[in-house]
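Peer 1: sequence and predicted structure, then a few things I'm wondering about:
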Amino acid sequence: MSDEKPIINIRALAELSRLAVSDEEIAKLEKEMPSILTFVETIQKADISSAVADTSLRNVMRADENPHETGKYTEVLLSAAPAREGDRIAVKQVITRKNN
């Protein structure tokens, strides 16, 4: 992506998607969209050449006959995350939410 910010018609995208978007939301999305697209571009550049698809899996659903207690693996999973906030995995914010 070049240093030049792309012009994105958020209103047209909303109409095509049949979404009702306020003028305030459109203005906000117009500012955020270049960052979102940069993030997507970063993901698209990921090297997946060594990834191997496992075609042996067919149906991985099973009856949950012996469920574990809630939170049993929470600390193990959180300790493997690059960043955390309390009992949650912290990720980079890409889209901001409107506070009510």
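Peer 2: Received, thanks.

Peer 1: longest helix anywhere in this structure?
Peer 2: helix 23-44 (DSSP state H).

Peer 1: which residues does residue 80 contact?
Peer 2: With contacts defined as C-beta atoms under 8 Å, 6 or more residues apart in numbering, residue 80 is in contact with no residue. Where C-beta positions appear, they are placed from N, C-alpha and C, glycine not excepted.

Peer 1: which residues in the chain form helices?
Peer 2: Going by DSSP H, the chain shows helices at 10-16, 23-44, 74-80.

Peer 1: using JSON lines, lay out those together with distance to residue 57 and mean pLDDT.
Peer 2: JSON lines is the format used below for the helices of the chain (distance: least, C-beta to C-beta, whole Å; pLDDT from 0 to 100):
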{"stretch": "helix 10-16", "distance to residue 57": "36", "mean pLDDT": "93"}
{"stretch": "helix 23-44", "distance to residue 57": "24", "mean pLDDT": "92"}
{"stretch": "helix 74-80", "distance to residue 57": "22", "mean pLDDT": "91"}
